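Engineer: coords below, sequence missing:
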């Protein structure tokens, strides 16, 4: 588990922590087949805002955490084909490593399901989350895939 500096009342850090926790929860759901209610309860009671191995984990925006995890689960049949289309031919989402898949799904969900969050913020946030877990090449892939989806789904945010 990655640690985010504790800043309980700092809203951007709480949102970043929610995204990081959401990716970790989605990863766990994918790898261990943990059901949604169990993963939400587990993260809210044992991870978010708690001390783990002597490190305090930043408090997260629990509503955003729940929205991302629940939204990915609810919209996965819509999100996955969008991601498949955005990925390089021959590399469908199901062949992508589980952490990378979780990052892409969470980012794609926010781009399609959270129009209140600017597309550039979504892309930047998930590039930062990816950097906590993945190497530079995979982080660049997150940037390229989510930026492409953002420009396709929200073209007005990129005209000026």
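Structural biologist: Arrived safely. None of these values were measured; they are calculated from a predicted model.
Engineer: next, the buried residues of the longest helix belonging to the chain.
Structural biologist: Determined from DSSP state H, the single longest helix within the chain is helix 62-86. The neighbour-count check on helix 62-86 (16 or more other C-beta atoms under 10 Å) flags 62, 64-73, 75-76, 79-80, 82-83, 86 as buried. Every residue, glycine included, has its C-beta placed from N, CA and C.
Engineer: which parts of the protein are strands?
Structural biologist: 51-52, 55-56 (DSSP state E).
Engineer: for residue 121, give its distance to residue 59.
Structural biologist: The spacing between residue 121 and residue 59, counted by C-beta to C-beta, to the nearest Å, is 20 Å.
Engineer: wait, what's in contact with residue 120?
Structural biologist: Contact analysis of residue 120 by C-beta atoms under 8 Å, 6 or more residues apart in numbering lists 150, 157.
Engineer: state the pLDDT value of it.
Structural biologist: We have a pLDDT of 96 for residue 120.
Engineer: now it: how far from residue 110?
Structural biologist: Distance of residue 120 to residue 110, given as C-beta to C-beta: 12 Å.
Engineer: could you pull up the residues touching residue 104?
Structural biologist: 83, 93, 96, 126, 142, 145, 146.
Engineer: any regions of the protein where pLDDT drops low?
Structural biologist: Along the chain, segments meeting pLDDT under 70 span 1-11, 46-58, 89-90, 160.
Engineer: center of it - which residue?
Structural biologist: Centroid-nearest residue in the chain, with C-alpha atoms, centre = their mean: residue 106, separated by 3.5 Å.
Engineer: just checking, it touches residue 122?
Structural biologist: No. The criterion here is C-beta atoms under 8 Å, and residue 106 misses it with residue 122 at 9.2 Å.
Engineer: nearest to residue 40 among the contacts of residue 104?
Structural biologist: Each of those was checked against residue 40 using C-beta to C-beta; the closest is residue 126, at 20.3 Å.
Engineer: how about residue 131: what's its closest non-neighbour residue?
Structural biologist: Sequence neighbours aside, residue 139 is the residue nearest to residue 131 in space, at 5.0 Å (criterion: C-beta to C-beta, 6 or more residues apart in numbering).
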